[in-house]
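Student: Give me coordinates for this.
(2 chains)
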Protein chains: 2
Amino acid sequence: VPPSESRIERAVRAALDAKTKPRGSLGRLEDLAVRLAVIRGTPQPGRQRAAVVLAAADHGVAARGVSAYPQEVTRQMLANFAAGGAAICVLARLAGADLHVFDLGVLSPLGDPAVRELRAGAGTADLAEGAAMTSEQAAAGIAAGREVVAELAGDGVGIVALGEMGIGSTTSASALAAALLPAEPEATCGRGTGLDEAGLARKVETVRRALTVNAVEGAEPLATLAALGGFEIAFLAGAALEAAERSVVVLLDGFITGAAALAAERISPGARNAMVAAHVSPEPGHRLILEALGLEPLLDLGLRLGEGSGAALALPLLHAALAVLEEMATFDSAGVTDAGR
Amino acid sequence: VPPSESRIERAVRAALDAKTKPRGSLGRLEDLAVRLAVIRGTPQPGRQRAAVVLAAADHGVAARGVSAYPQEVTRQMLANFAAGGAAICVLARLAGADLHVFDLGVLSPLGDPAVRELRAGAGTADLAEGAAMTSEQAAAGIAAGREVVAELAGDGVGIVALGEMGIGSTTSASALAAALLPAEPEATCGRGTGLDEAGLARKVETVRRALTVNAVEGAEPLATLAALGGFEIAFLAGAALEAAERSVVVLLDGFITGAAALAAERISPGARNAMVAAHVSPEPGHRLILEALGLEPLLDLGLRLGEGSGAALALPLLHAALAVLEEMATFDSAGVTDAGR
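Tutor: Numbering: from 1, shown residues only, chains lettered A, B, ... in the order given. This is a model prediction of the structure:
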């Protein structure tokens, strides 16, 4: 029988209180240590191997001019991930995390061995015209995410940081958030990679239309994910679902991984218990999603790149929380007077 | 002739804008890269070697019951630093920073080769009775801090993270902040390592008395530092002054290193331009000091341990900012369409 959550929390709090520091003086780093231990299901999680799972796909809705960048950039960035030149390549290296890049459905495959192709199609359909994915495509995306995390867990990975890339993806995430929170499109749409006023208005209108056309009100979460999501979002939702079942920590990046996490939570309530929010972005829908998931972000640095870059930047804090729990001396072992006892 | 600050800033912004990411999408990490480059005096600072400078000393004011911990803990923690069991030992290791521990005047010396003894005395005098330090002691502390940073700079260290330890030190820092901001003692006194209501009231009263007894209103900053500071605070102020003169980045930890930084800025206006604030602590005076120094903290995690622990936790963000600037591919080199051009 694995130890109960409250028992793990008590044991970790006691261990932290015995360390040579005033009680609670490491603030949220101590709460983070507790959460990581509870997720891993042990009061002594030790150091954890981390991996960044980066999923790319194209979105049919991009044709509507809802992004500041042309759709070809998705595939170009996939090549950049493969070549090691993107921000996430630099940041994952620095954080000591393995980077795994997946093509879930970029318009045309790259054929680069550094990218694992788990394609559910050649870009989604336009969500403002009908369902972005068939239910089979959504299910395939989820299954692929589950399989990847199952493999990583089998390889001893304890922290999976989620990242994504896909021109048009914030529109899909905004639509998903509007449907699943629920919230008005105005509250979930932001400027993404750098939309102007007219572009933002187009995005809001596109999301509003998508919600009507797909009749998502009262629909099952899985159907909503298929209607409004993207291949990479379904994949990341599957990754989060599998991680929660395998006691693997899910480190969320920004708005789009947040939308995938929200879908996972709606599909399987409680999935959020395995999640940690790396940061909060300027995308207005991100904060709403984090509140709905009950997650407090570790960083607030105005990050809005995606790719898992914010997750990689927060990763050292997770390692630090675990190292403090594992490696610090106790008042007893160090011979320091404990006034708090 | 070294390049001007505005020229370095323009060059770094242009370099960041050419990287494969939407303009400004790494938010404050991009501002941080600019700041680090400006401090180092070059648009291409590259990766930087970092060191934690941790200074310990005792405070005569501790006898007044202004701390939750007995004074003996300063020396015990010094031994813990030497043995590698304290939080900062774990966190500096994790961040890849060398840890340098200094005894500036703990009650009795430890005699451990892992601690460098630059003692200005055996604890300061009680600042509520008169000056905590003689002007010679304060000058010796500053000179020692300058010498250490000069050595580190000579060894190629580009980032110096400041940390401190000393029972009673928040009372000294609160008095210094009240005098140098200036502000009321109520606004600069907090619970330190865990004071109760009565203890906090004693601390406020002690600071009020110290400000009167030492007649600091209108005094020179150096005289105020001697009257209200501590050996380790004078040392850290000296470290900050030398770093600013040598284009070395000063990474501040919490409230006490903040008070030392404020003293440095008052002694030599402009010293703050070499500073980066790692975090903001729950000590009420810390936010006031950061505002006075024009610094926005990178982290806000409720940290109140000191030792340089918050600085060590923020260090990966500095390394990340520099790595992004140094290592990311450009739109041109990666063949990615730049919509922002």
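
Student: any idea how far stretch A:77-89 is from the chain center?
Tutor: 18 Å (C-alpha atoms, centre = their mean, to the nearest Å).

Student: Also stretch A:214-227?
Tutor: 21 Å.

Student: which SS class is the residue in the stretch 51-200 of chain A positioned nearest to chain B?
Tutor: Across the stretch 51-200 of chain A, no residue is closer to chain B than residue A:85, which sits at 2.6 Å (C-beta to the nearest C-beta). Every C-beta, even on glycine, is put in place using the N, C-alpha and C of the backbone. When classified by DSSP: H, G, I helix; E, B strand; the rest coil, residue A:85 comes out as coil.

Student: I'd assumed residue B:334 was in contact with it.
Tutor: Yes: the pair residue A:85 and residue B:334 passes the contact test of C-beta atoms under 8 Å, sitting 5.0 Å apart.

Student: who touches both of these two?
Tutor: With contacts taken as C-beta atoms under 8 Å, 6 or more residues apart in numbering or on different chains, residue A:85 and residue B:334 have residue B:20 as neighbours in common.

Student: The helix or strand encompassing residue A:286: what's the following helix or strand?
Tutor: Secondary structure assignment for residue A:286, by DSSP states H and E: helix A:284-293. Later in the chain than helix A:284-293, the nearest helix or strand by DSSP H and E is helix A:309-327.

Student: chain center to that next one, what's the gap?
Tutor: Relative to its chain's centre, helix A:309-327 lies at 16 Å (C-alpha atoms, centre = their mean).

Student: Buried residues of it, list them for me.
Tutor: A:309-325, A:327 (16 or more other C-beta atoms under 10 Å in any protein chain shown).

Student: And for stretch A:149-157?
Tutor: A:149, A:150, A:152, A:153, A:157.

Student: Point out the ones among the residues you listed that are inside helices.
Tutor: Counting by DSSP state H, those place A:149, A:150, A:152, A:153 in helices.

Student: got the residues of the stretch 1-150 of chain A near chain B?
Tutor: A:19-23, A:25-29, A:68-70, A:72-73, A:76-77, A:79-80, A:83, A:85-87, A:90-91, A:93-95 (C-beta under 8 Å from any C-beta of the partner chain).

Student: hmm, try it at 6 Å
Tutor: A:20-22, A:25-28, A:68-70, A:72-73, A:76, A:80, A:85-87, A:90-91, A:94 (C-beta under 6 Å from any C-beta of the partner chain).

Student: now, which of the residues you listed lie within strands?
Tutor: Cross-referencing the residues of the stretch 1-150 of chain A next to chain B against strands under DSSP state E gives no overlap.

Student: In chain A, what residue spans correspond to strands?
Tutor: A:49-57, A:98-105, A:115-117, A:157-165, A:249-252, A:275-277.

Student: and residue A:195, how far is that from residue A:300?
Tutor: Plainly put, residue A:195 is 22 Å away from residue A:300 if you go by C-beta to C-beta, to the nearest Å.

Student: between those two, who's got more neighbours?
Tutor: Taking other C-beta atoms under 10 Å in any protein chain shown, residue A:195 and residue A:300 do not tie; residue A:195 has more neighbours (20 against 16).

Student: where does chain A dip in pLDDT?
Tutor: Counting by pLDDT under 70, chain A contains low-confidence ranges at A:341.

Student: What parts of the stretch 151-300 of chain A come near chain B?
Tutor: Checking the stretch 151-300 of chain A against chain B by C-beta under 6 Å from any C-beta, the hits are A:193, A:194.

Student: hmm, back to that, what are the C-alpha coordinates of the helix holding residue A:286, in PDB please?
Tutor: Below are the C-alpha coordinates for helix A:284-293, written out as PDB (Å, rounded to 0.1, in the frame of the first residue of the first chain):
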ATOM      1  CA  PRO A 284      -5.100  36.700 -20.700                       C
ATOM      2  CA  GLY A 285      -6.500  33.200 -20.800                       C
ATOM      3  CA  HIS A 286      -3.500  31.600 -19.100                       C
ATOM      4  CA  ARG A 287      -4.300  33.100 -15.700                       C
ATOM      5  CA  LEU A 288      -7.900  31.900 -15.900                       C
ATOM      6  CA  ILE A 289      -6.700  28.400 -16.700                       C
ATOM      7  CA  LEU A 290      -4.300  28.300 -13.800                       C
ATOM      8  CA  GLU A 291      -7.000  29.500 -11.500                       C
ATOM      9  CA  ALA A 292      -9.300  26.800 -12.800                       C
ATOM     10  CA  LEU A 293      -6.600  24.200 -12.200                       C
END
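
Student: chain center to stretch A:323-337, what's the gap?
Tutor: Worked out by C-alpha atoms, centre = their mean, stretch A:323-337 lies 34 Å from the chain centre.

Student: cool, stretch A:156-167 as well?
Tutor: So, by C-alpha atoms, centre = their mean, the centroid of stretch A:156-167 is 6 Å from its chain's centroid.
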